[in-house]
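In: fold the following for me, if possible:
(3 chains)
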Amino acid sequence: MRTLILQTASKYLLPLLLLFSIFILLRGHYLPGGGFVGGLIASIAFILHAFANGLPQTRNLMRIHPGFLMPVGLGLSFLSGLFPMFLNRPFMTGIWFAEKVAVIGSIGTALFFDIGVYLVVIGASLTIIFTISESN
Amino acid sequence: MNPNLIISPILLPLLGAIVLMGFWANPKIQRRLSLVFHGIAVLLAAFLLAAVSDGTIIVMQAGSWGAPFGITYVADALSALMVLLTAIAGLAVGIFSSASIKSARAAFGFFPLIQFLLMGLNGSFLAGDLFNLYVWFEVIIISSFVLITLGGEKAQLEGAIKYVTMNLLASVIFLTGIAILYGILGSLNLADLAIRVQETPDKGLISAAAILFLVAFGIKSALFPMYFWLPASYHTPPAAVSAIFGGLLTKVGVYAFIRIFSLLFIQDPFIQKLLIGIGVLTMVSGALGAIVSVNLRKIFSYLIISHIGFMIGGLGLFTPLALAGAVLYMAHDIIAKTNIFLITGVIYKIKGSFRLEKLSGLYNEFPYLSIVFAISMFSIVGTPPLSGFWPKVWLLQASWQAGDYWMLGGIILASFLTLWIVVKIWSVVFWRKKPDVINTRVRNELAAALPKNRNAVLIAVGMLTAVSLFIGFGVQPLADLCLTIADQLIDTEGYIQTVLQ
Amino acid sequence: MEVLLAIVIGTLYAAGIFMILRRSLVRLIIGLILLGNGANLLIFLLGRIAKGKPPLIPEDANFMTAAYADPIPQALILTAIVISFGLQAFAIVLVKRAYRVVKTDDIDQMNATDDV
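Out: Presented below is the predicted three-dimensional model:
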């Protein structure tokens, strides 16, 4: 499905969708959104790019294999859950910094957990899609 | 004691999986590193069991959310025992696979997947609420799906389709049961549910939910009318994978049966009768299936089914002795079945076939190895004083006391059939003198591959045989533990109070 | 609304079971997907439907004052959807691989594992 229109559009859509996915990721703690949805939107951005330009181009664009995002994301989520245990609180207790950061709002372990989920979802869904389309 | 300790058996394999995935391109390091994680897991599990073996129950509320609302992890003696057995079986399979798994499989993440599988198993043993149990079940099945297909041979894919279909169906039925239970009782925490189930007027709907759970766990643990997927799939993957499947995956279903039914549904006499009936049918029909098979791994797959019946029947009797017998049988069965599948893998490595008509004369070639095999084969029959003997005595005694002669007859018949099968295997595979009929090229390749791996393979089998012998000869501490577990299962007040305090 | 949903759920379960009884692998997968969706809707229905009462605390208050919808079923459904997404993706890849190797999508032909 290589059409000029889609190719041109995907050039602009890719950064826009990625930005939107990060927006969804960050608003997720108090409003609808979160790591899973954000990750799906981000992977849709890459899949759209692959539709328009072919899989090899998308692979070049990503530089790393998407499967590599899975251990990174899992590690991040794992550490964010582990952190309260060093303060002698139960696993996964939310620990929040007192002062708020501009734009993002309160920062706490839940945010890092969500970022981990975001990375795992991108990694897993892109690996699945790439595997299915490569075996053709 | 720090309650965070009880989820360390879940966190350790997760850490292991993450680290091993980090070494994705280097299976050699993965082989070595995974052994470290398996070793630490055994130590942690032993520590956990030591902390709860006197009957204390440790509770951890994840994220500090209070009991009926948050996610609760509970370690009582039963959970801790299962975690320890999982760790031991995991260590043996880890050692065995560090030598036997081909690099092609290792490159597709065999070692991280084993860690994920162990995480799922430990998670289900420690979960304190119904939905969390469902999630851990899914962790188990997704990693087992990938493990069973890894390698992609024709038989593996066909077996995997049956395995995947039945497991997905079981998950949907499980989820339906959870939905109905949540709809009636409005809670998911097991301790909270146990209280509410007593108070609710909707007994009919509760029974309907119980039947849904019975079908879901019945598929998972391969009970009588729902076991046909097991002998169609367990003999297809490599030996290390079928060992961990055969030893542990069906036992998670049995654990879920014991945990959920003892807390929620067992007061219903209909459910008790049903469990005993299904148990008896499972043990007899599984043993009959094993008699007609001629493929070693299929025979042992059917024996898994047959011996699941003992545990479910013991749960159905629901007396202290019967429950202790069921739990002790489960402990013995995890070790013995894992070992027997590893041994089948060794036989395949030596002889290049699983089929009875192609195997012979193993005793003449490897006399010492054959003795090790004999120990674990006769322990699954229950020859005294090997490990299978004691739980069978308890189960027989319990069914005699309860006056349940179907159960009594079922146990005796299934034990005799098991004895027949084991004697048949022994006389054909080990004693029969007959020139080998396998193709020599395959044999030479296998013989060339063996010496390098021999030690690791022997250590794995030897370790499990030693544990099995320990259960047989030094049964007293384990028997005491099983009686403690049975008391905790019958008198659930302590569990409920500790969780909801 | 409840009656309508109950009918939809019943239809989904019935269609799902009908489809998994077919011999074609693709229909098998479709059947499992339908069953999964039926189960998710069932959780949604059994969590009691409350219209227009989101379980969100208003910005000027510290806790909920009015009656609100039960948020747990939605958390359960979200989790179940995520899980079934992964499982179904795997099942589709598996069916495709199996079709390549076995060269049939008729389950009756897949009997290599059934010999004794």
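
In: could you say which helix or strand holds B:L49?
Out: Taking DSSP states H and E as the criterion, B:L49 maps to helix B:27-52.

In: packing partners for that helix?
Out: helix B:8-22, strand B:71-75, helix B:77-100, helix B:103-107, helix B:110-126 (3 or more C-beta pairs under 8 Å, 6 or more residues apart in numbering or on different chains; DSSP states H and E). Where you see a C-beta, it was placed from the backbone N, CA and C, and this is true even at glycine.

In: among these, which gets the worst mean confidence?
Out: Ranked by mean pLDDT, the helices and strands packed on helix B:27-52 bottom out at helix B:103-107, with a mean of 71.

In: Provide the contact partners of that one at residue level.
Out: For helix B:103-107, contacts defined as C-beta atoms under 8 Å, 6 or more residues apart in numbering or on different chains pick out B:27, B:30-31, B:150-151, B:238.

In: could you spell out the sheet neighbours of the helix or strand following the helix holding B:L49, each with its direction?
Out: Remark: after helix B:27-52, the chain's next helix or strand is strand B:58-62, criterion DSSP H and E. Its sheet considered, strand B:58-62 pairs with strand B:71-75 (antiparallel) by DSSP bridges.

In: only alpha carbons, please: show the partner strand as PDB.
Out: The C-alpha trace of strand B:71-75 is given here as PDB (Å, rounded to 0.1, in the frame of the first residue of the first chain):
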ATOM      1  CA  ILE B  71      -4.200  -7.100  46.000                       C
ATOM      2  CA  THR B  72      -3.300  -9.400  48.800                       C
ATOM      3  CA  TYR B  73      -0.500 -12.000  48.900                       C
ATOM      4  CA  VAL B  74      -0.800 -14.800  51.400                       C
ATOM      5  CA  ALA B  75       1.700 -17.300  52.400                       C
END
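
In: tell me the buried residues in that strand?
Out: Of the residues in strand B:71-75, B:71-75 count as buried by neighbour count, 16 or more other C-beta atoms under 10 Å in any protein chain shown.

In: for the chain, longest helix please?
Out: Using chain A. Ranked by number of residues, the top helix in chain A under DSSP state H is helix A:109-134.

In: chain C was what I was after
Out: helix C:72-102.

In: what's that one packed up against?
Out: For helix C:72-102, the packing partners by 3+ C-beta pairs under 8 Å, 6+ apart are helix A:109-134, helix B:130-149, helix B:154-185, helix C:25-46.

In: nearest approach to A:I41 belongs to which of these?
Out: helix A:109-134 (9.5 Å; C-beta to C-beta).

In: check whether that closest one comes near chain B.
Out: No - Helix A:109-134 stays clear of chain B (C-beta under 8 Å from any C-beta of the partner chain), getting no nearer than 9.2 Å.

In: which secondary structure elements does that helix contact?
Out: On a contact count with 3+ C-beta pairs under 8 Å, 6+ apart, helix A:109-134 meets helix A:4-27, helix A:35-53, helix A:55-62, helix A:69-86, helix C:72-102.

In: could you pull up the mean pLDDT of that helix?
Out: 89.

In: and for stretch C:16-35?
Out: Per-residue scores along stretch C:16-35 average to 93.

In: for stretch A:38-45, same thing?
Out: 94.

In: and for it, what's in contact with it?
Out: A:13-14, A:17-18, A:20-22, A:24-25, A:28, A:114, A:117-122, A:125-126, A:129.

In: quick check: chain neighbours aside, which residue is closest to B:N167?
Out: B:I141 (4.8 Å; C-beta to C-beta, 6 or more residues apart in numbering or on different chains).

In: wait, that neighbour touches B:S171, no?
Out: Yes - applying C-beta atoms under 8 Å, one finds B:I141 in contact with B:S171, separated by 6.9 Å.

In: overlap in contacts, the two.
Out: C:L87.

In: Provide the secondary structure category for the most far-flung residue of chain A relative to its centre.
Out: Most distant residue from the mean C-alpha position of chain A: A:N88, 30.1 Å away (C-alpha atoms, centre = their mean). Three-state call for A:N88 (DSSP: H, G, I helix; E, B strand; the rest coil): coil.

In: which phi and psi does it have?
Out: Taking degrees, to the nearest 10, you get phi 60, psi 30 for the backbone angles of A:N88.

In: need the contact list for it.
Out: With C-beta under 8 Å, 6+ apart, A:N88 has these contacts: B:N2.

In: over to B:F23: give its phi and psi.
Out: phi -100, psi 40.

In: any idea how far chain A is from it?
Out: 9 Å (C-beta to the nearest C-beta, to the nearest Å).

In: the nearest residue to that residue once chain neighbours are set aside - how many residues pack around it?
Out: Leaving aside its sequence neighbours, B:F23 sits nearest to B:I29 (C-beta to C-beta, 6+ apart; 4.7 Å). B:I29 has 14 neighbours, counted by other C-beta atoms under 10 Å in any protein chain shown.

In: tell me how far B:I29 lies from C:M64.
Out: 52 Å (C-beta to C-beta, to the nearest Å).

In: residues from chain A in reach of chain C?
Out: A:36, A:124-125, A:128, A:131-132, A:135.

In: which ones are touching B:A208?
Out: So B:A208 contacts B:I180 (C-beta under 8 Å, 6+ apart).

In: what helix or strand is it on?
Out: Counting by DSSP H and E, B:A208 is part of helix B:203-220.

In: what about B:F378, which SS state?
Out: helix.

In: give me the buried positions along stretch B:43-61.
Out: Neighbour-count burial for stretch B:43-61 [16+ other C-beta under 10 Å]: B:44-45, B:48-49, B:52-53, B:57-61.

In: leaving out sequence neighbours, find the closest residue to B:A398.
Out: Nearest to B:A398 is B:A322, by C-beta to C-beta, 6+ apart, at 3.6 Å.

In: hang on, that neighbour in a helix?
Out: Yes - under three-state DSSP, B:A322 falls within a helix.
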